[in-house]
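Asker: I need the structure of the sequence given here:
(chains A and B)
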Amino acid sequence: MARKMLKDGEVAVADGGGGESYEYDLFVIGAGSGGVRGSRTSAGFGAKVAICELPFHPISSEWQGGHGGTCVIRGCVPKKILVYGAAFRGEFEDAKNFGWEINGDINYNWKKLLENKTQEIVRLNGVYKRILGNSGVTMIEGAGSVVDAHTVEVTQPDGSKQRHTAKHILIATGSRAHLVDIPGKELAITSDEALSLEELPKRAVILGGGYIAVEFASIWKGLGAEVDLFYRKELPLRGFDDEMRTVVASNLEGRGIRLHPATNLTELSKTADGIKVVTDKGDELMADVVLFATGRTPNTNKLNLEAVGVEVDQIGAIKVDEFSHTSVPSIWAVGDVTNRINLTPVALMEATCFAKTVFGGQPVKPDYRDVPCAVFSIPPLSVVGLSEQEALEEAKNDILVYTSSFNPMKNSISKRQEKSIMKLVVDSETDRVLGAAMCGPDAAEIMQGIAVALKSGATKATFDSTVGIHPSAAEEFVTMRTLTRRVSPASKLKTNL
Amino acid sequence: MATATTDLRFSAAATSAKTLDRATVRARRGRFLHHLASRGLHLDHLLPSPFRLRSPFSVCRAAAYAAEGDGEKYEYDLFTIGAGSGGMRASRFASTLYGARAAVCEMPFATVASDALGGVGGTCVLRGCVPKKLLVYASKYSHEFDESHGFGWKYETDPKHDWSTLMTRKNLELQRLVDFQTDMLKNSGVTLIEGRGKIVDPHTVSVDGKLYTARNILIAVGARPSIPDIPGIEHVIDSDAALDLPSRPEKIAIVGGGYIALEFAGIFNGLKSEVHVYIRQKKVLRGFDEEVRDFVTQQMSLRGITFHTEQTPQAITKSDDGLLSLKTNKGTVNGFSHIMFATGRKPNTKNLGLEDVGVKMDKHGSVMVDEYSRTSVDSIWAVGDVTNRVNLTPVALMEGGALTHTIFGNDPIKPDHSAVPSAVFSQPPIGQVGLTEEQATEKYGDVDVYTSNFRPLKATLSGLPDRIYTKLIVCADTNKVLGVHMCGEDAPEIIQGIAIAVKAGLTKQNFDATVGVHPTAAEELVTMRNPTRKVRRNSAGEAKLMSRPYVRSRHVVPSVHKRGKLHSL
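Answerer: Next comes the predicted model:
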């Protein structure tokens, strides 16, 4: 099928469609990470490309979005900026024992951070527009929806509509935060608003155990708020390695965040003193801000997909095959709207593969194996490959687990009580490193290179043969000589050697 | 469980490490593993799979190292002179992994080393990596304070640094580490003898007059700063002293362009000294990638350090007010509170008795060794900086580990000095692994070079001129990544994982196939799609540039001089 599409693509580019005539070879709905990459790369192959995107606004809605998408405007970038801002508090604390005296008050000017952050994302928004323009992609402002297999209707902010035809349509509309349905939910905010609050909250309540919840807990705590984090499970970050989840939880607590595991919120109400939050355990507390970080929903309900026969799953994510092809032959989808692995670099990979498949004469499937990722809690968590639990699920052989828990050198002076933890999960027969994880300063930066090794099937012996960089935290990954435990997939019993 | 797959037929004890054939090596490795298994250690996963042991055999402790039957003739199986990184690793492994009787001698602890003072832990722990990194941490805060403004942080008064707090805490930590390492040696069953060791004959070491005999002697005495003999040199400090100054230098001249000079320049600059670096050459960090050399100089200049190039120091004078003047071939600069020389290090081989016993040294005084770290005397070995191979702690550890394997595991292993990653903890720091562009071009002729010079996300908010430079050097023929260089925040941490990939001989495609961790600086290393330039060897064998659109001449590297970042007196 991919080959067939490839031929279609080539025909469209080469001779303008030979009979069928479309305005564009490709029309992309949504100029986020996936959409921009898909349109630029396709244009690079010679395709005539248009892309539509909503007007820029930090908070997304049916009518607002912006070039750059979630990552640049409401996700990775502004989040990381706030994490940087928040991490300074810990640095100042640590600086004291290194001899630094900060006399008088340390003031925190939230408005300045917010202004600088907004300035940066506005700049990036402009960069994205310029990149698109330079790639020869036609930019159209407005909300796109699919009329038929080859037609997109763009509704402009003033309500006017225009239709465009294209040989292929790429849906890259992303996803949006959603609120859980409890009484008073209108008082809660999502991560969109949390990145653009007018005032820094003094008391923040966060509902959710995913990476977004954990990151905002670290951000607000670092910027000086009291933070209460509620989640349904015993540990935050479901899906990550259980041992690492425990570490993250204890680090969050160590940094002063109050954790409420296995607890849900049942009601929010407005009082003179702020928002009253009621839990399913009957506790009450007051908050200035309540953040729901309870998941995200694909942006598909205004796309008219049902009418043209593009299938979506029960949460509204577009169903695609391995080439990002939907159930309609001329329509494709990449990124969060397909709810595969919802990460910017994955959307980029999917979009590149799409462009190569359809316009590049080279059908390629995105490869989801060993995709590294990071949680920018303070300190951060980063992983690649399988967790110990996943390795045991998939394993035929015993699993060797190497862990290292150490006091980072900086803490020997700062006296911060926080260990860095590293972990390698190894197949006992093939010696292949199946998974790596780290929680501690610089984990995300460290994991990138480890990911290159893992992706290429590196063995533990290869790790061991690499000389360390001294003194670094990362050298621990190549000096883990002592087995922590050997686990058998059959028994799933943990034994200490 | 499967039975042992290791071939045990070959058990002849070869006398020379070099004459062992493959099968023997294999057999011995098997014995070593049985030996470990009998001691309750299961380290077989550490070895390449063909050698891995499937079942723990109860083989009696292999006394292979005593095969010649003279084991009991000597008090010790291994006597090590110097308890630094290499010496500690070798003696501990000898004792714990092979049951050898190991002793190590070391001089009493002092922050500044001399002929009579040193300390358990050696240069790395006491006068190198560790205290240096602690001071780097301390000094880096001033940059972080500057960065924090752009993120909305404000202080009533500028943060001030108290020198004595830092020194006190640093020394407490060093003392803790000395105690910790001493305990570790003792817990490993190694006999620790305090004093200065000297070799008397191929099997005898004298420690302050008391004689000890050993089947093998290991020289792991390391190196010490070396300064040129010029007038007034008694007024200068070296890196030992620089790590333990009683007060903050007001204005310091650092002579030298190597990594130690740059690291201290960053430390003192961050702790608010006025810093001047004097180098004899045009550029710092000889041997590093040319563009990295330029980049780090630019970035350090932007942080307030002044570089003085092509200046050779000739004399130092001290005036009545106690301030120092530095005279170079280009003139004299007055008013330094301190002058530091970071002009190289010399192996500690004086008065070790080496000449008498016949251990050969090169013209710098480094002990000459073969690939197995054996000296010209059969029973005497040497590892670490004293051999002046690759002078890094992890390399000394590797050499020490390989050595015990060779002697006691009866399994000769050569330490592999290829693709050894390293870091310079300048500010910003450098991380590198593999070949420089110059080395790669020389060796392979045809290479593709990928570079990226970008402003990290943090700098867009801080407003500071910080940038990150990365370079990937790829063999045009095989697509193997030959070298990776990075200068900027977190570079040393980032390069470690990359070093695994380079060591494994991975290709550019392997890098490209890896998904980025977003948003990080490191993701740049897996998203460099277009070569900046392609260097091709022409028929005359001369490397030249190809493919214009991406080409920037290798030979016309934008000079920092031209940008006015360097000051020449």
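Asker: List the residues that contact the residue positioned nearest the centre of chain A.
Answerer: The centroid of chain A falls nearest to A:L343 when counting by Cα atoms, centre = their mean (4.2 Å). Counting by Cβ atoms under 8 Å, 6 or more residues apart in numbering or on different chains, A:L343 touches A:V371, A:C373, B:V515, B:H518. Just so you know, the C-beta spots here come from the backbone N, C-alpha and C atoms, and that holds for glycine as well.
Asker: For it, what are phi and psi?
Answerer: A:L343 adopts backbone torsions of phi -140, psi 150, taken as degrees, to the nearest 10.
Asker: One more: A:A166?
Answerer: Dihedral angles (degrees, to the nearest 10) for A:A166: phi -150, psi 150.
Asker: For the stretch 101-250 of chain B, which segments count as helices?
Answerer: For the stretch 101-250 of chain B, the helices defined by DSSP state H, counting those that start in this stretch occupy B:122, B:129-150, B:163-187, B:239-242.
Asker: packing partners for the shortest one?
Answerer: By that I understand helix B:122. helix B:85-98 (3 or more Cβ pairs under 8 Å, 6 or more residues apart in numbering or on different chains; DSSP states H and E).
Asker: What number of residues are in the vicinity of residue 366?
Answerer: No chain specified, so I'll use chain A. 22 (other Cβ atoms under 10 Å in any protein chain shown).
Asker: not quite, I wanted chain B
Answerer: Count around B:S366 with other Cβ under 10 Å applied: 20.
Asker: What ranges in the stretch 351-497 of chain A fall below the confidence cut-off?
Answerer: Low-confidence segments of the stretch 351-497 of chain A, defined by pLDDT under 70: A:490-497.
Asker: where do the helices sit along it?
Answerer: A:388-394, A:409-414, A:443-455, A:460-465.
Asker: Of all these, which one is nearest chain B?
Answerer: Among the helices of the stretch 351-497 of chain A, helix A:443-455 comes nearest to chain B, with 2.3 Å by Cβ to the nearest Cβ.
Asker: what about that closest one and chain B, touching?
Answerer: Yes. Residues of helix A:443-455 contacting chain B under Cβ under 8 Å from any Cβ of the partner chain: A:A444, A:E445, A:I446, A:M447, A:Q448, A:G449, A:I450, A:A451, A:V452, A:A453, A:K455.
Asker: ok, B:I267 touching B:L134?
Answerer: No. In this structure, B:I267 is not within contact of B:L134 by Cβ atoms under 8 Å, at 9.7 Å.
Asker: quick one, which of those two is more surrounded?
Answerer: Higher neighbour count among B:I267 and B:L134: B:I267, with 27 against 23, using other Cβ under 10 Å.
Asker: Can you give me every residue that contacts the more buried one?
Answerer: With the criterion set at Cβ under 8 Å, 6+ apart, B:I267 makes contact with B:K132, B:L135, B:V136, B:A138, B:S139.
Asker: Can you sort out which of those residues also neighbour chain A?
Answerer: B:A138.
Asker: With neighbour count, pLDDT and distance to B:V395 added, can I get the contacts of B:I267 in CSV?
Answerer: Formatted as CSV, the contacts of B:I267 follow (neighbours: other Cβ atoms under 10 Å in any protein chain shown; pLDDT from 0 to 100; distance: Cβ to Cβ, whole Å):
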residue, neighbour count, pLDDT, distance to B:V395
B:K132, 21, 97, 17
B:L135, 26, 98, 23
B:V136, 20, 98, 21
B:A138, 28, 98, 27
B:S139, 24, 98, 26
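Asker: Out of the contacts of B:I267, the closest to B:S273 would be?
Answerer: Ranked by distance to B:S273 (Cβ to Cβ), these are led by B:S139 at 9.5 Å.
Asker: The closest one - nearest residue in space that isn't next to it in sequence?
Answerer: B:G270 (2.7 Å; Cβ to Cβ, 6 or more residues apart in numbering or on different chains).
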